[in-house]
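[1] Whatever this is, show me its structure:
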Amino acid sequence: MKTNASQLFEAMDRDKNGLLSEEEFLVGISKIKHGMSKIEVRKIFDLADRDGSKTLDYDEFLAMLSTTGLGYGLKLPPSTRDERGIIQVKPTTDRYFGEQVRKQNTGKSIVDVDFSLARGQHFSQELYETRIASMQRFVAMTVMFHQMGKRVSSFFDAISFGFW
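    Got it, this is the predicted structure:
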């Protein structure tokens with residue numbers, strides 16, 4: 001659980017300062033534990049904030065997970081990035097997009113549904129934004145510069161009567 005807890009803490013720490021503010025905690029807990037009211041989450045935060053700093057450090061966060069049971073059964077998806085931060089793509093064995101998700105979730109209630117499809121869609125969007133969209137912008141700029149070069153070349157031929 002320590003690995004999952006540290007990953008969860010890092011994911012919730014949006015400003016990456018090593019401390020969870022009340023807002024970061026509220027947003028993070030509401031994403032992993034649906035059905036908890038903001039009042040309940042704030043009460044847990046206040047109880048976990050032992051030093052009264054209005055932030056949770058990692059030790060306070062671990063203590064909170066063990067005393068409240070919020071971390072029980074929590075499984076985080078494996079990271080798709082390597083140690084350099086580069087997205088690593090693994091080929092799928094599905095015959096169609098979402099085949100495994102459909103098979104895993106057949107007959108489950110909405111509470112028990114595995115949301116790996118949503119994570120897969122998020123991964124696809126992230127992959128598009130980081131790689132494909134960048135390549136599209138590069139190709140568009142290259143085509144634009146090529147067209148500008150052709151226009152300049154034909155312009156000089158026209159005004160120099162072919163002597164240039």
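
[2] Show me the helices in this structure, by range?
    With DSSP state H as the criterion, the chain has helices at 2-12, 22-32, 38-48, 58-68, 99-105, 116-127, 133-159.

[3] Can you say which of these is nearest to residue 84?
    Nearest to residue 84, of all the helices of the chain, is helix 116-127, at 15.7 Å by C-beta to C-beta. All C-beta atoms are positioned from the backbone trio N, CA, C, and that covers glycine.

[4] per-residue confidence averaged over the closest one?
    The average pLDDT for helix 116-127 rounds to 68.

[5] Check stretch 146-164 too.
    For stretch 146-164, the mean confidence score works out to 79.

[6] Next: stretch 21-36.
    Here the average pLDDT along stretch 21-36 is 83.

[7] Tabulate the helices of the chain (TSV), appending distance to residue 93 and mean neighbour count.
    Output for those, formatted as TSV (distance: least, C-beta to C-beta, whole Å; neighbours: other C-beta atoms under 10 Å):
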stretch	distance to residue 93	mean neighbour count
helix 2-12	26	15
helix 22-32	28	16
helix 38-48	39	14
helix 58-68	34	16
helix 99-105	8	14
helix 116-127	13	14
helix 133-159	26	10
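
[8] right, and these - which one's nearest residue 90?
    Going by C-beta to C-beta, the one of the helices of the chain nearest residue 90 is helix 116-127, 10.1 Å.

[9] which ones are touching residue 21?
    By C-beta atoms under 8 Å, 6 or more residues apart in numbering, residue 21 lies in contact with 15, 54, 55.

[10] let's see it at 6 Å
    residue 55 (C-beta atoms under 6 Å, 6 or more residues apart in numbering).

[11] Quick check: beta-bridge partners of it?
    Legend: beta-bridge partners of residue 21 under DSSP bridges are residue 55.

[12] before we move on, the earlier item: could you dump the helices of the chain to JSON lines with distance to residue 88?
    Shown next, in JSON lines, are the helices of the chain (distance: least, C-beta to C-beta, whole Å):
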{"stretch": "helix 2-12", "distance to residue 88": "17"}
{"stretch": "helix 22-32", "distance to residue 88": "24"}
{"stretch": "helix 38-48", "distance to residue 88": "34"}
{"stretch": "helix 58-68", "distance to residue 88": "27"}
{"stretch": "helix 99-105", "distance to residue 88": "19"}
{"stretch": "helix 116-127", "distance to residue 88": "10"}
{"stretch": "helix 133-159", "distance to residue 88": "17"}
